[in-house]
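just a sequence and a predicted model for now, questions to come.
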Amino acid sequence: EAQVTQNPRYLITVTGKKLTVTCSQNMNHEYMSWYRQDPGLGLRQIYYSMNVEVTDKGDVPEGYKVSRKEKRNFPLILESPSPNQTSLYFCASGGAHYTDTQYFGPGTRLTVL
Amino acid sequence: ILNVEQSPQSLHVQEGDSTNFTCSFPSSNFYALHWYRWETAKSPEALFVMTLNGDEKKKGRISATLNTKEGYSYLYIKGSQPEDSATYLCAFPALNYQLIWGAGTKLIIKP
């Protein structure tokens, strides 16, 4: 089944404790991205990647890191999480053309205490 | 800074009524305009990709139009049903492939 998977789906952590949210897709997509969704603000892109070893900042990259060592995986790393990073996070993948649809993972709800 | 705006922010519609809402985007460097539907507790799913000025796309009771010269797209829902309740998002791909999203229109259908 073609899909984008994220883990974990829910996470409660404390300020400063490094965490990684994994994202994997099995559709051989070039383009992958991370979003956060906060009430009233819609989807804001954190980072995106056009292909292996190519990553770019989105709207809100501060406090996040990403890597794209393999085409299928695009982990999101929070080196020192803070309460303002409490949010719903989505990973998405798609083709690398402007007209290509993005396919979203199920979301990760992160709470930083 | 590129900006994509959607209006209204939320909309309550009686079941059976038709409705529409707007996505405004930059009219320069246009490549495509995407519409997504996002149901509560699920992930956004693609509805339409629109590329040509004057384009009209249709999927069942939902249709969309595009005006690239003035920078707007309308989404129409005919004969709203409870299952149409969702947040409708539009997204504009920028030159550098960053996707710029509107904040969405939350549609609530009242039975």
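Happy to help now that I have it.

pLDDT of stretch A:6-26, averaged?
When pLDDT is averaged over stretch A:6-26, the result is 97.

and stretch B:69-76, by the same measure?
96.

and for stretch B:42-59?
For stretch B:42-59, the mean confidence score works out to 94.

now do stretch B:97-110
Per-residue pLDDT values across stretch B:97-110 average out to 93.

quick check: nearest residue in space to residue B:71, chain neighbours excluded?
Nearest residue to residue B:71 in three dimensions, chain neighbours excluded: residue B:27, at 3.6 Å (Cβ to Cβ, 6 or more residues apart in numbering or on different chains). C-beta: built from backbone N, CA, C; applies to glycine.

and the spatially most central residue of chain A, what element?
Residue closest to the average C-alpha location in chain A (Cα atoms, centre = their mean): residue A:34, at 2.8 Å. With the criterion set as DSSP states H and E, the secondary-structure element containing residue A:34 is strand A:31-38.

so what strands line up beside the strand ranked longest in chain A?
Across chain A, the longest stretch assigned as strand under DSSP state E is strand A:42-51. According to DSSP bridges, strand A:42-51 forms sheet pairs with strand A:31-38 (antiparallel), strand A:54-57 (antiparallel).

got the CA coordinates for the first one in CSV?
Meaning strand A:31-38. Listed in CSV are the C-alpha atoms of strand A:31-38, where the atom choice follows Å, rounded to 0.1, in the frame of the first residue of the first chain:
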residue,chain,number,x,y,z
TYR,A,31,10.0,15.8,-2.7
MET,A,32,9.4,15.5,1.1
SER,A,33,8.5,18.1,3.6
TRP,A,34,7.6,18.7,7.2
TYR,A,35,4.8,20.9,8.4
ARG,A,36,3.4,22.1,11.7
GLN,A,37,-0.2,23.0,12.2
ASP,A,38,-1.3,25.3,14.9
